[in-house]
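kindly generate the corresponding structure for this input.
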Amino acid sequence: MNDIIKEYFQKQNNLEIMPDATVLGRGGDPGCGDYIELYLKIENDVILKATAMVAGCPYAIATTSAFTEMITGKSLDDGMMISGDQVAKYLEGLPEEKIHCSLMGPEALRNAAHNYIMARICTPMGVQV
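Presented below is the predicted three-dimensional model:
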């Protein structure tokens, strides 16, 4: 485990429930042990704040913490362009058997974006969320 991954694992930045989140997205597989819930505060399609709860190994915790930092301040579209490979690169590499950990954040963000768009479409009388 490199020093950057250790630092993200130890600090666990943004790993908390956000009670006033605009939307929630899930990623990973709770049956296999690595799983996240991503909370987003979105305004004008910009991710103002991202937090998450994560269950899994130190790599899952580190990649999730890093991912929340990577997407904060970005438009939803730009955030969705961040791949698992970019998360791994941001952390200066992951062991091959832990690459799946870097995919959970992008998966959760895609699910959150879907939920966000559906909420906007399904809001009664065209009121924007």
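
just to be sure, residue 17 is in a helix?
No: counting by DSSP: H, G, I helix; E, B strand; the rest coil, residue 17 is not part of a helix but coil.

tell me the pLDDT at it?
In this prediction, residue 17 carries a pLDDT score of 97.

same check, this time on the one 5 residues further on
Here the pLDDT value assigned to residue 22 is 95.

that one and residue 111, how far apart?
14 Å (Cβ to Cβ, to the nearest Å). All C-beta spots, glycine's among them, are computed from the backbone N, C-alpha and C.

cool, residue 16 as well?
Taken as Cβ to Cβ, the span from residue 16 to residue 111 is 19 Å.

more neighbours, the two?
Neighbours were counted for residue 16 and for residue 111 using other Cβ atoms under 10 Å; residue 111 has more, 17 against 12.

name the element that one belongs to?
helix 101-122 (DSSP states H and E).

so what's the gap between that helix and the chain middle?
Averaging C-alpha positions (Cα atoms, centre = their mean, to the nearest Å) puts helix 101-122 9 Å from its chain's average.

which other helices and strands does that helix contact?
strand 23-28, strand 35-43, strand 46-55, helix 58-71, helix 76-80, helix 84-90 (3 or more Cβ pairs under 8 Å, 6 or more residues apart in numbering; DSSP states H and E).

which one of the ones you listed is the most hemmed in?
Stretch with highest mean neighbour count among those: helix 58-71 (a mean of 24; mean count of other Cβ atoms under 10 Å).

packing partners for that helix?
helix 3-11, strand 35-43, strand 46-55, helix 84-90, helix 101-122.

so which residues make contact with the shortest one?
Read that as helix 84-90. For helix 84-90, contacts defined as Cβ atoms under 8 Å, 6 or more residues apart in numbering pick out 63, 66, 67, 70, 94, 99, 102, 103, 105, 106.

just the pLDDT for residue 30.
80.
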